[in-house]
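>>> Sequence unavailable; structure follows:
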């Protein structure tokens, strides 16, 4: 089952989308918003699934689905927490600045709590008031949970995953050092994130969702050129069950909580830093990583951060090269 929200008010209007992303059916008679559906998932999910089946059989009124008309599936959420499950990414960044890599980073997930009150739709512009802030994109996988009790273990936490999608977790890299130096974490350096037009239930992903990981390639283009083709199911040190359980260690998580994987990152086949797509590698899912590799190899970064007019596209494909979640396709405004 694939769910989306059309732009309408603060929380969007819930729709069910066909598997090929071509059509949708209004779901307002079941739940007005995705959050309402998540709040009553056990009761409403079977009804939404029946609506999805009816849509597939073309026995109900349906309309063309245009990704540009979609808001973020959850235009605002009760919780947005982003992990750093691909520890390779963290290791490279720390190596570039000559910082030690604590052993605990491989055993206990990193996670920060982001702003969740104003998410961007997949085709909304990335607002950037000052290019000197060092604007970067980050291609990630996300999950949306139902209620998770405090202290839930990994298996219980994984069973609470209701939906899977993608995000562009926008970062303002040049603001991060000053904020971290205060010892109080991210805030201004983490503006609104954007999400894929469609979120998908784990069962609809079949074998692509196993072990708490999305086993698909994360496709990233920058200004129309291939930039990243990393395998989301590889080099993921902490699966989503572990990430959700980590978030719930000291608190309950309520339905509608979004948990991010962190930047998808693969090491090269020889064990070294990843190579650009143009050089036969899988590339990168953010600018910071390629800048890090450039620093490691030549002493300084060469790739600039985003500027006005730049465009980033993030998506994942099925075996027939069809988009699974729709595409995040944003221009820097």
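Nice, thanks for sending it over. It should be emphasised that the depicted structure is a prediction, and the values quoted were computed from it without experimental measurement.
>>> Scan this structure for its longest helix.
In the chain, with assignment by DSSP state H, the single longest helix is helix 41-56.
>>> got the buried residues for it?
Going by neighbour count (16 or more other C-beta atoms under 10 Å), the buried part of helix 41-56 is 41, 44, 45, 48, 51, 52, 55. C-beta here means a position set from N, CA and C on the backbone, and glycine is covered the same way.
>>> can you pull the contacts of residue 49?
1, 201 (C-beta atoms under 8 Å, 6 or more residues apart in numbering).
>>> Just want to check the distance between it and residue 18.
13 Å (C-beta to C-beta, to the nearest Å).
>>> again with residue 34
For residue 34, the distance to residue 18 - C-beta to C-beta - is 17 Å.
>>> Between these two, which has more neighbouring residues?
Taking other C-beta atoms under 10 Å, residue 34 and residue 18 do not tie; residue 34 has more neighbours (29 against 17).
>>> Next one, pLDDT for that one please.
pLDDT, residue 34: 98.
>>> what residues are up against it?
Shown in contact with residue 34 (C-beta under 8 Å, 6+ apart): 3, 5, 11, 12, 14, 73, 74, 199, 256.
>>> Make CSV out of those residues and add distance to residue 213, neighbour count and pLDDT.
Supplementary listing: the contacts of residue 34 in CSV, determined by distance: C-beta to C-beta, whole Å; neighbours: other C-beta atoms under 10 Å; pLDDT from 0 to 100:
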residue, distance to residue 213, neighbour count, pLDDT
3, 21, 27, 99
5, 25, 26, 98
11, 29, 17, 98
12, 28, 23, 98
14, 27, 24, 98
73, 20, 32, 98
74, 22, 27, 98
199, 16, 27, 99
256, 22, 26, 98
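>>> Which secondary structure state is assigned to the residue nearest to the spatial centre of the chain?
For the chain, the residue whose C-alpha lies nearest the mean C-alpha position (C-alpha atoms, centre = their mean) is residue 167; its distance is 2.8 Å. Taking DSSP: H, G, I helix; E, B strand; the rest coil as the rule, one finds residue 167 in the strand state.
>>> Tell me how far it lies from residue 201.
Using C-beta to C-beta, residue 167 is found at 17 Å from residue 201.
>>> give the contact list for residue 78.
So residue 78 contacts 35, 116, 254, 255, 256, 257 (C-beta under 8 Å, 6+ apart).
>>> residue ranges of the helices in the chain, please?
With DSSP H as the criterion, the chain has helices spanning 34-39, 41-56, 87-96, 154-159, 176-181, 202-205, 240-247, 287-298.
>>> Got the confidence number for residue 96?
On pLDDT, residue 96 comes in at 64.
>>> Sorry, wrong one. I was asking about residue 88.
78.
>>> and it, what does it touch?
By C-beta under 8 Å, 6+ apart, residue 88 lies in contact with 235, 237, 265, 266, 267.
>>> out of everything not next to it in sequence, what's closest to it?
Distance criterion C-beta to C-beta, 6 or more residues apart in numbering; nearest residue to residue 88, sequence neighbours excluded, is residue 265 at 4.7 Å.
>>> follow-up on the earlier one: how about JSON lines for the buried residues of helix 41-56, with pLDDT and distance to residue 105 added?
Formatted as JSON lines, these follow (pLDDT from 0 to 100; distance: C-beta to C-beta, whole Å):
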{"residue": "41", "pLDDT": "98", "distance to residue 105": "34"}
{"residue": "44", "pLDDT": "98", "distance to residue 105": "39"}
{"residue": "45", "pLDDT": "98", "distance to residue 105": "36"}
{"residue": "48", "pLDDT": "98", "distance to residue 105": "39"}
{"residue": "51", "pLDDT": "98", "distance to residue 105": "44"}
{"residue": "52", "pLDDT": "98", "distance to residue 105": "40"}
{"residue": "55", "pLDDT": "98", "distance to residue 105": "44"}
